[in-house]
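K.L.:
Sequence and predicted structure, then a few things I'm wondering about:
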Amino acid sequence: MSESQFTSIEEVIRRFEEQEYICPRDVAVTVYLAGQMGKPVLTEGPAGVGKTELAKVWAQATGRELIRLQCYEGLDESKALYEWEYTKQLLYTQMLKEKIGEILAGAATLGEAVARLRTHESSFFSRDFLVPRPLLRAILADQPAVLLIDEVDRADQEFEAFLLEVLSDFQVSVPELGTLTARHRPAVILTSNATRQLSEALRRRCLYLYMDYPSHEQEVKIVTRKVPGLDARLAEQAVQFVQKVRALPLRKAPSIGETRDWARALVLLNARPLSRQVLLDSLNALLKDREDVEKVLRELGR
Amino acid sequence: MWRRSSGSSAGDLPALWETAMTGQVTEFARALRDAGVRVSLAEALDACRALEHLSLERRADLRLALRCALIKDPADFPTFDLLFEKYFRCHWPRRKQRESRPRTFRHEGAAPRPGGSQPGTRPAPPRPEPERKRDGKQPLNETDARKGERAPDQREERSEEERWLAEWLADLEEGMGEARREGLRELRQRRSDLRRLDLTRRLEPEDARQVAEAVEKLARKLASRESLRRRRARRGKVDLKATLARSARTGGVPFHIERRRRTVAKTKLLLLCDVSGSVWRVAAFLLRLIHHLQNQFARTHSLVFVDRPVDVSELLARYPFEDALARIRDIPDLNLNAYSDFGNTFYELLDDYAPLLDRDTVLLVLGDARTNQFEPMEWALADLRQRIRRVVWLNPEPPERWNTGDSVIRAYAPFCGAVLPCATLEDLEEAARLLLSDTRA
């Protein structure tokens, strides 16, 4: 297959890097195997480590479309799979009354009239009235896509059971249209913030990837790449500080995105080297919870 | 290093590889299971299949592949790492070994694999010397040219590979056998020891940590068992949204009524823990267990007591568990040096916490019923019993000591649905199962 499949682990790393994504080895192995084996990937980890980003980069690196299903509490089948526009259908039927009359004109018996109507059934129950939601879009896509099911832990267990069914066969039966099967199986990636334990069946089905906060070297690399104008020494200091902050028991530890934003703020403030005052001033870009800020300030005071 | 190709002809090498590695992976999966990691058959098969797509060159890749297929919970990573080191400790094929061979070691280019990836397109593994020529023929890189050719020395090379592979596999097998013999017994032993450890005694920090981990794992196991399949209730509250959505089919007239399909747990748990003396240690583990199981109950409320009940639910909700535990000891209202008074505790519970006592509540009491010559006031417990669904008593003392000295458990027992010992992990598990089986009703 063309470039929409990875042929080796090294290729995954290389192509991801082209998309400015530093790919740790475990991510590369999992993505590669998922593509080869046709299994979905389940990635868990603290918020902000790049799980959703991974899906985007995967789509870009393989030239595939990214279809995103954002999960939330109360998400059900209809919102995820498809909706049928009954009212539109009804409206069309009303407007076409005359035409229908014409078709049925001259039918001798009721049976004949029904038979004639039946030949036109496909216009009544056509895909015009079907509104595909992300899951169905992924199934019906003309080209292989990347299906991102984001924050699946926010949906409930019933939805998980439904998801399992869809993911196993990639076919769906719409009562009005029959069974629709996927022409190309999409690459599926599920993300979870681990706010609750996902069902065993779902975890068994997927290859598992735990994404944690990056190591010092990795974060320096990421930040250097994403923030232009950041000099090496400042990057080192900033990342060192963030790594220390993460070790504290905070309500919301800073994510990679926040490190990047903070680094950008430091560049704008011309903070070189990192002085205590600048730190105090810019802490709000890094920590978004008042208690956390206080806690860190207390630690700093030592 | 060659890579297994499923599309090759006359599967001598690949077949050998496949059966051998399947055996090893299954063995490894079994070891994981024995160590307490839940690995299903499907996952073990996935792991075997994953290996088909890897080259054996890098041990790290093998490790990552096995990990992503077999381990679905980050808490099991340390166990996996430990076992992987033990089971795959044979000499990994080093490049030096291969250099001694006069030929390049590329697997014969086969027909393109149906999955799409070509063996020939894999980047060449880094070699210090350039490819050697083989009897004047071109190096095997040009697999296209070589496709289908069956020269006699290729067969020789194949048997050479076979031999080498068989050697390596034997080495791996031996390593596994060793690991199996030593590691398994020790792990099993440790696990059963852990489960029978007396939690009322002061534990070594390492043991305490392991028990804490085991408690959390237990909570997860019990919780996930509960969530296997949800029944669709034919009765229940009307789901308005779904009904209206369905009525669109019938012109807005709701012919079919959709009901809420979720079976919601009805039980509310009221936890009352004695935290005096040695019972505190068991209480800490019980609190931890219930903390991780709270989603299984409609509501969980935790109280601790020595001579009177103190509400700690908010603390547990606000702070991370370890933090909260530490703070509990600092609560001003809680006098850890007082004498235990069960009677008064029940009395105050009736008095101050009446809103929590309803028909769906289960009261879980942890205590040794040693009430220091205070009045047992069992009528207070009887009164409590009237208002709630049931009382379950967990006693950290061994049963033979019950009712000796100032233990008045016999006074309280008639009002309890169950009185269970609670001094080890096994006991905790028993108690948790009892509680959860109740909620399913």
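P.N.:
Good, I have the coordinates. These numbers come from a predicted model, not from an experiment.

K.L.:
hey, let's count contacts and neighbours off CA atoms from now on
P.N.:
Noted.

K.L.:
which residues in the stretch 301-441 of chain B form helices?
P.N.:
Along the stretch 301-441 of chain B, counting by DSSP state H, counting those that start in this stretch, helices occupy B:313-318, B:321-328, B:342-352, B:378-387, B:409-412, B:425-439.

K.L.:
So for residue A:46, which of the ones you listed sits nearest?
P.N.:
helix B:321-328 (17.6 Å; CA to CA).

K.L.:
wait, does the closest one contact chain A?
P.N.:
No - Helix B:321-328 does not reach chain A (CA under 8 Å from any CA of the partner chain); its nearest approach is 9.1 Å.

K.L.:
Just give me how far that helix sits from the chain centre.
P.N.:
Relative to the chain's own centre, helix B:321-328 is displaced by 24 Å; criterion: CA atoms, centre = their mean, to the nearest Å.

K.L.:
hmm, stretch A:90-107 touching chain B?
P.N.:
No - if you take CA under 8 Å from any CA as the test, stretch A:90-107 misses chain B, and the best it gets is 8.6 Å.

K.L.:
Let me have the helices of the stretch 301-441 of chain B in a markdown table, extended by distance to residue B:54 and mean neighbour count.
P.N.:
Below are these laid out as a markdown table (distance: least, CA to CA, whole Å; neighbours: other CA atoms under 10 Å in any protein chain shown):
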| stretch | distance to residue B:54 | mean neighbour count |
| --- | --- | --- |
| helix B:313-318 | 46 | 14 |
| helix B:321-328 | 42 | 15 |
| helix B:342-352 | 63 | 20 |
| helix B:378-387 | 62 | 18 |
| helix B:409-412 | 63 | 18 |
| helix B:425-439 | 41 | 17 |
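
K.L.:
could those helices go into a markdown table alongside mean pLDDT?
P.N.:
Conversion of those to a markdown table gives the following (pLDDT from 0 to 100):
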| stretch | mean pLDDT |
| --- | --- |
| helix B:313-318 | 88 |
| helix B:321-328 | 87 |
| helix B:342-352 | 92 |
| helix B:378-387 | 91 |
| helix B:409-412 | 90 |
| helix B:425-439 | 82 |
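
K.L.:
could you redo those helices as JSON lines and give each row distance to residue A:149?
P.N.:
JSON lines is the format used below for the helices of the stretch 301-441 of chain B (distance: least, CA to CA, whole Å):
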{"stretch": "helix B:313-318", "distance to residue A:149": "29"}
{"stretch": "helix B:321-328", "distance to residue A:149": "30"}
{"stretch": "helix B:342-352", "distance to residue A:149": "47"}
{"stretch": "helix B:378-387", "distance to residue A:149": "46"}
{"stretch": "helix B:409-412", "distance to residue A:149": "52"}
{"stretch": "helix B:425-439", "distance to residue A:149": "31"}
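
K.L.:
Compare those and give me the one nearest residue B:334.
P.N.:
Nearest to residue B:334, of the helices of the stretch 301-441 of chain B and by CA to CA, is helix B:321-328 at 8.3 Å.

K.L.:
how distant is the helix or strand where residue B:165 lies from the center of its chain?
P.N.:
Using DSSP states H and E, residue B:165 maps to helix B:152-179. Helix B:152-179 has its C-alpha centroid displaced from the chain centroid by 36 Å (CA atoms, centre = their mean).

K.L.:
So which elements touch it?
P.N.:
Packed against helix B:152-179 by the contact rule (3 or more CA pairs under 8 Å, 6 or more residues apart in numbering or on different chains; DSSP states H and E) you find helix B:13-34, helix B:77-87.

K.L.:
where among those is the average confidence lowest?
P.N.:
With a mean of 77, helix B:13-34 has the lowest mean pLDDT of those.

K.L.:
Report the contact partners of residue B:28.
P.N.:
Counting by CA atoms under 8 Å, 6 or more residues apart in numbering or on different chains, residue B:28 makes contact with B:83, B:84, B:87.

K.L.:
can you list the residues of the stretch 101-250 of chain A near chain B?
P.N.:
A:157-158, A:197, A:199-201, A:203-210.

K.L.:
Near residue 254, how many other residues are there?
P.N.:
Defaulting to chain A. 23 (other CA atoms under 10 Å in any protein chain shown).

K.L.:
You answered for a different chain; I wanted chain B.
P.N.:
There are 15 residues near residue B:254, going by other CA under 10 Å.

K.L.:
who touches residue B:406 in this structure?
P.N.:
Contacts of residue B:406 by CA under 8 Å, 6+ apart are B:369, B:370, B:371, B:372, B:373.

K.L.:
could you show me where the helices are in the stretch 151-300 of chain B, in order?
P.N.:
According to DSSP H, counting those that start in this stretch, the helices that the stretch 151-300 of chain B contains are B:152-179, B:185-196, B:205-226, B:240-247, B:279-293.

K.L.:
Three-state assignment for the residue positioned nearest the centre of chain A, please.
P.N.:
A centroid search over chain A (CA atoms, centre = their mean) returns residue A:148, at 3.3 Å, as the residue closest to the centre. Per DSSP: H, G, I helix; E, B strand; the rest coil, the local secondary structure of residue A:148 is strand.

K.L.:
Please apply the same query to residue A:66.
P.N.:
Residue A:66 ends up strand, using three-state DSSP.

K.L.:
how about the residue lying closest to it once chain neighbours are set aside, what does it touch?
P.N.:
In this structure, residue A:66 finds its nearest non-sequential neighbour in residue A:146, 4.9 Å apart by CA to CA, 6 or more residues apart in numbering or on different chains. Residues in contact with residue A:146 (CA under 8 Å, 6+ apart) are A:55, A:58, A:59, A:64, A:65, A:66, A:67, A:138, A:186, A:187, A:188, A:189.

K.L.:
can you tell me which two in these are farthest apart?
P.N.:
Applying CA to CA across those, the maximum distance is between A:58 and A:138, 15.4 Å.

K.L.:
of the two, who's got more company?
P.N.:
Each of residue A:58 and residue A:138 has its neighbours counted (other CA under 10 Å); residue A:138 has more, 30 against 24.

K.L.:
Which residues lie in contact with the more buried one in this structure?
P.N.:
A:67, A:145, A:146, A:147, A:182, A:186.

K.L.:
is it fair to say it lies in a helix?
P.N.:
Yes - under three-state DSSP, residue A:138 sits within a helix.

K.L.:
Next one, pLDDT for it please.
P.N.:
91.

K.L.:
Against residue B:304, how distant is residue B:335?
P.N.:
Distance, residue B:335 to residue B:304, by CA to CA, to the nearest Å: 11 Å.

K.L.:
Residue B:170 too?
P.N.:
59 Å.

K.L.:
Who has more neighbours out of residue B:335 and residue B:304?
P.N.:
Taking other CA under 10 Å, residue B:335 and residue B:304 do not tie; residue B:304 has more neighbours (25 against 17).

K.L.:
ok, now which ones touch the nearest residue to the more buried one once chain neighbours are set aside?
P.N.:
Nearest residue to residue B:304 in three dimensions, chain neighbours excluded: residue B:273, at 4.6 Å (CA to CA, 6+ apart). Listed by CA under 8 Å, 6+ apart, the contact partners of residue B:273 are B:283, B:302, B:303, B:304, B:305, B:365, B:366, B:367.

K.L.:
Would you confirm that residue A:281 belongs to a strand?
P.N.:
No - Residue A:281: not assigned to a strand; according to three-state DSSP it is helix.

K.L.:
Look up how far residue B:283 lies from it.
P.N.:
In terms of CA to CA, residue A:281 sits 44 Å off from residue B:283.

K.L.:
between these two, which one's more packed in?
P.N.:
residue B:283 (23 against 11).

K.L.:
in stretch A:228-247, what counts as buried?
P.N.:
Within stretch A:228-247, the residues scored as buried using 16 or more other CA atoms under 10 Å in any protein chain shown are A:230, A:234, A:235, A:236, A:238, A:239, A:242, A:243, A:245.

K.L.:
any idea which of those residues is closest to chain B?
P.N.:
residue A:245 (16.7 Å; CA to the nearest CA).
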